[in-house]
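J.: coords please:
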Amino acid sequence: RTRLKELTGTLDVDSATLARREEVAANYDSIVSVQSAIIADAVNEIAKQQATVERLESEATALGEQLDQLRDQHERELRPYKQIMETARGRSEEANRAVGEAKRAVRAAESQAKDAAERREQSIASANRAVDSSQTRLRKVQDELKRAQSSNADASAIRQLHDEVTTELAHVESARSEVGVVTREAQAAVDAAQTHLWTQKQSLEEAQREADDAKHEYDERKSEYDELLAKAQDEEKQLEERIAALRSDADDAKAAHDEAAERHDAARVLLDEAENVHATPEETMRLRRSVAQQQIAVSEQQAAVDSLAEGERSLRSRTRGVRLALLAAVVGVIALIVIIVVLVLTAQ
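T.: Predicted structure coming up:
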């Protein structure tokens, strides 16, 4: 059976080879005509696509150089506008910092004005309390003087009380005078603080106007720069898209080139096969005789396998009865031994 399998495998291979050679030989003229036309067409297509690839890549390279030049040109043209914008932004940032400083100065001036007003109120209140205290002491001494005079007190005591009244009157006048001084000085401090606050507010307003002007200028410069930048980027993008389209077309041309090359190679293989078969008819004849001989050998081997298989089946049939008889004898002997053992055990 192993030999039959080997013979059959070889026969199948050679039979397929013979069938292919006979098919090629029968269609030789058609194969040569069709595949030669395919090869010629593929050669033309390969040349055409190669030229297309070279042209497109050359155009893409030229546009790439043009794009680099355009970018350099745009950078040079935009640089002054960018510098002006940056300068305007710096002025705007500086003006904003000045506004911040002015706001802090206003807050400090407001705090100073508030403190001055509070100190004014405290100083005037303190001076008024001093006046009230002096007047209280004056009334007390005056009351004592009246009681001394009404009671005919000693003249020296009355003079002393007169002196105290005079002294307290002087204190009252001094305290009242001090109220005026304190009020004027405190008000002057408040006025100075208010003036300083007004000055700082004016500075803040001026700083805010300058900051608004600087921001307006920066916005204009930035808008101008952004517009020019967008225009430049749009020009560059259009050129980039043209380059990308050329490279995409070049890739398509390369794919068409590769497909034509594959058709050429496949047609070349078929044409070479046809030429080889046409040039070696003796190989076809040899294969034909070999296949015929192999078919005979396979038939003979198959007959041998069938004969051996039939002998195997006959042998198995003959030996089956013998195996069954032997098995029955073994079973009988085992049964007899079991009976003898049982009888012996029973007799004991």
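J.: Find the helix or strand that L308 is a member of.
T.: According to DSSP states H and E, L308 maps onto helix 281-347.
J.: What average pLDDT does that helix get?
T.: Average pLDDT, helix 281-347: 79.
J.: phi, psi of N27?
T.: Backbone geometry at N27, expressed as degrees, to the nearest 10, gives phi -110, psi 30.
J.: ok so, going back, just give me how far the helix holding L308 sits from the chain centre.
T.: Distance of helix 281-347 from its chain centroid, counting by CA atoms, centre = their mean, to the nearest Å, is 77 Å.
J.: burial count for the residue nearest to E121 when sequence neighbours are not counted?
T.: If the residues on either side of it in the chain are set aside, E121 comes closest to A186, at 8.0 Å by CB to CB, 6 or more residues apart in numbering. The way it works is simple: take the backbone N, C-alpha and C, and place the C-beta from them, glycine included. By the criterion of other CB atoms under 10 Å, A186 has 20 neighbours.
J.: shouldn't A186 be in contact with D115?
T.: No - using CB atoms under 8 Å, A186 is not in contact with D115; the gap is 11.4 Å.
J.: ok, which stretches of this structure are helices?
T.: Listed in chain order, the helices of the chain (DSSP state H) span 2-26, 28-150, 155-279, 281-347.
J.: For those helices, which has the smallest mean pLDDT value?
T.: helix 281-347 (a mean of 79).
J.: Against which helices or strands is that one packed?
T.: Contact partners of helix 281-347 among helices and strands, from 3 or more CB pairs under 8 Å, 6 or more residues apart in numbering; DSSP states H and E: helix 2-26.
J.: Residues in contact with the helix it packs on: which ones?
T.: For helix 2-26, the external contacting residues (CB atoms under 8 Å, 6 or more residues apart in numbering) are 31, 273-274, 277-278, 281, 283-284, 287-288, 290-291, 294-295, 297-298, 301-302, 305.
J.: could you redo the last one with a cut-off of 10 Å?
T.: 31, 270, 273-278, 280-281, 283-284, 286-288, 290-295, 297-302, 304-305 (CB atoms under 10 Å, 6 or more residues apart in numbering).
J.: Can you tell me which of those are classed as buried?
T.: 31, 270, 274, 277-278, 284, 287, 290-291, 294, 297-298, 301 (16 or more other CB atoms under 10 Å).
J.: closest to S126 among those residues?
T.: Distance to S126, by CB to CB, is smallest for L270 among those, at 123.9 Å.
J.: Quick check, the closest one in contact with Y28.
T.: No - between L270 and Y28 there is no contact under CB atoms under 10 Å: 11.1 Å.
J.: which of the residues in stretch 190-197 are buried?
T.: So stretch 190-197, judged by 16+ other CB under 10 Å, has buried residues 190, 193-194, 196-197.
J.: Using TSV, please lay out those together with distance to E110.
T.: Below are the buried residues of stretch 190-197 laid out as TSV (distance: CB to CB, whole Å):
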residue	distance to E110
V190	13
A193	9
Q194	10
H196	10
L197	6
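J.: how much space is there between E224 and A211?
T.: Separation of E224 from A211 (CB to CB, to the nearest Å): 20 Å.
J.: my bad, should have said D191
T.: Taking CB to CB, one finds D191 at 30 Å from A211.
J.: Equivalent analysis for V181, please.
T.: Taken as CB to CB, the span from V181 to A211 is 44 Å.
J.: the more surrounded of the two?
T.: It is A211, of V181 and A211, that has more neighbours when counted by other CB under 10 Å, with 21 against 11.
J.: show me the contacts for the more buried one.
T.: A211 sits in contact with 91-100, 102, where contact means CB under 10 Å, 6+ apart.
J.: could you redo the last one with a cut-off of 6 Å?
T.: 95-96, 99 (CB atoms under 6 Å, 6 or more residues apart in numbering).
J.: what does A113 give?
T.: So A113 contacts 193-194, 197 (CB under 6 Å, 6+ apart).
J.: Please tell me how far the closest residue to it other than its chain neighbours sits from I84.
T.: Once flanking residues are discounted, A113 sits nearest to A193: 4.0 Å by CB to CB, 6+ apart. Distance, A193 to I84, by CB to CB: 43 Å.
J.: that older thread, reformat the buried ones among the contacts of helix 2-26 as JSON lines; add distance to A51.
T.: Converted to JSON lines, those look like this (distance: CB to CB, whole Å):
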{"residue": "I31", "distance to A51": "30"}
{"residue": "L270", "distance to A51": "27"}
{"residue": "A274", "distance to A51": "31"}
{"residue": "V277", "distance to A51": "36"}
{"residue": "H278", "distance to A51": "35"}
{"residue": "T284", "distance to A51": "43"}
{"residue": "L287", "distance to A51": "46"}
{"residue": "S290", "distance to A51": "51"}
{"residue": "V291", "distance to A51": "50"}
{"residue": "Q294", "distance to A51": "54"}
{"residue": "A297", "distance to A51": "59"}
{"residue": "V298", "distance to A51": "58"}
{"residue": "Q301", "distance to A51": "62"}
